[in-house]
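S.K.: next come a sequence and a model predicted from it.
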Amino acid sequence: MAINWFPGHMNVTKKAIIERMKEIDVVIEMLDARLPGSSANPMLAELTGTRKKLKVLNKQDVADAERTTAWLAWYNAQPDTQAIALDASDTAPAQRLIKACRELAPNRGGMAKPLRVLICGIPNVGKSTLMNTLVGKKAAKTGDEAGITKIEQRINLANDFYLFDTPGMLWPKITIEQGGYNLAASGAVGRNAYDEEEVALELLARLKGPYAALLAARYKLDDVAGIPTLHDDVLLTEIGRKRGAVMSGGRVNLQKAAEIVLNDFRSAILGPITLETPEEFAQWAAVAEEAEAERQRKKAARLNKKGSGRRHDDDDIEQAD
């Protein structure tokens, strides 16, 4: 699913990051531990350039621990990058990012050379909650809707540690299809940018294999072994029936059932879940890259054909003259 959702304040954020990057030493990118690849903004990689990077896999308490370990190894293998996992509401682990930033920029520190850190990420990934935890007060607004924070904020975590917060920012066009579904399922995308029933079906397609037992426990489904073989819309219908989303005549309200599934995932009621592995996301990205390359080839061919037609028209006019 290609998603285009880039409200005006996100473009302002992009410009602010470009300007702020002139003085930043370390960039913290907050990621959703349930979708560590899909929640990484490729545009931020371009904007932040060669700056040292700290990848924070937030919400580790509601993610699959085994898959979180795999993602940490994957990010830690990248140059000039460290990765840690934490739960933003837990005070002790939150302090770890200060230590990690100092390790990434050992030549910065002290009043003469304060460490300047930019924290960024997609909407609804938990940046505001983390910053409130770090300073021990309500320094930033929080909420479960995409786009709560809309202005840049600076917080001094120490006399020589300046942390600049930015609003959550997606990129103009999400081309990795499965990544788009995962982002929508997590609540990172505005509701007007996707169809909830479609997203819920894709979410169930991701869950019914590795997390069939969690689905069975939550929705009182009897045949756990048979869940992976169910068609997605059959599974959604059964969930709607179990949860009372039934209309007159016994028909299941699939829209209501979809809302139930999405809300249960976002609130972590289903249990610890991670929607993707590093290998899966790499495959999705490769497919998207090839599709984009093919689109560009076709576009170039159309332009060449159009240009050739104009040249022929010009030749005909010259011959007529």
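M.R.: Right, received. Where do you want to start? Residues are numbered from 1 along each chain as shown.

S.K.: ok, and what's touching the helix or strand where Ala185 lies?
M.R.: In this structure, Ala185 is located in helix 177-186 according to DSSP states H and E. By C-beta atoms under 8 Å, 6 or more residues apart in numbering, the residues outside helix 177-186 that reach it are 1-3, 32, 34-35, 37-39, 122, 124, 170, 174, 189, 193-194, 199-200, 202-203, 206, 262, 265-266, 275-276, 280-281, 284, 287-288. C-beta coordinates here come from the backbone N, C-alpha and C atoms, glycine included.

S.K.: for the helix or strand following it, what is the distance to the chain centroid?
M.R.: Tracing the chain C-terminally past helix 177-186 and defining elements by DSSP H and E, one meets helix 196-207 next. In terms of C-alpha atoms, centre = their mean, to the nearest Å, the centre of helix 196-207 is set 16 Å apart from its chain centre.

S.K.: and the residue nearest to the spatial centre of the chain, how far from Ala225?
M.R.: For the chain, the residue whose C-alpha lies nearest the mean C-alpha position (C-alpha atoms, centre = their mean) is Ser39; its distance is 2.0 Å. Distance from Ser39 to Ala225, counting by C-beta to C-beta, to the nearest Å: 32 Å.

S.K.: pLDDT below threshold where in the stretch 151-300 of the chain?
M.R.: Counting by pLDDT under 70, the stretch 151-300 of the chain shows low-confidence ranges at 151-152.

S.K.: break down the chain into its helices, ranges please.
M.R.: Assigned helices in the chain, in chain order: 8-20, 42-48, 65-76, 91-94, 96-104, 127-135, 177-186, 196-207, 212-219, 232-242, 254-266, 278-320 (criterion: DSSP state H).

S.K.: which of the ones you listed sits closest to Gln82?
M.R.: In this view, those are compared for proximity to Gln82 by C-beta to C-beta, and helix 96-104 is the closest at 5.3 Å.

S.K.: now the closest one: average pLDDT?
M.R.: Per-residue confidence for helix 96-104 averages out to 91 on the pLDDT scale.

S.K.: please name every helix or strand in contact with that helix.
M.R.: Judged by 3 or more C-beta pairs under 8 Å, 6 or more residues apart in numbering; DSSP states H and E, the packing partners of helix 96-104 are strand 26-32, strand 52-58, strand 81-86, strand 115-121.

S.K.: quick one, phi/psi of the residue nearest to the centre of the chain?
M.R.: The phi/psi pair for Ser39 (degrees, to the nearest 10) reads phi -90, psi 0.

S.K.: surely it meets Gly121?
M.R.: Yes. In terms of C-beta atoms under 8 Å, Ser39 counts as a neighbour of Gly121; the distance is 7.2 Å.

S.K.: so what sits against both of those two?
M.R.: Between them, Ser39 and Gly121 share the neighbouring residues Leu31, with contact defined by C-beta under 8 Å, 6+ apart.

S.K.: ok, of the contacts of helix 177-186, which come out buried?
M.R.: Members of the contacts of helix 177-186 that pass the buried threshold by neighbour count (16 or more other C-beta atoms under 10 Å) are listed as 1, 3, 32, 34-35, 37-39, 122, 124, 170, 174, 189, 193-194, 199-200, 202-203, 206, 262, 265-266, 275-276, 281, 284, 288.
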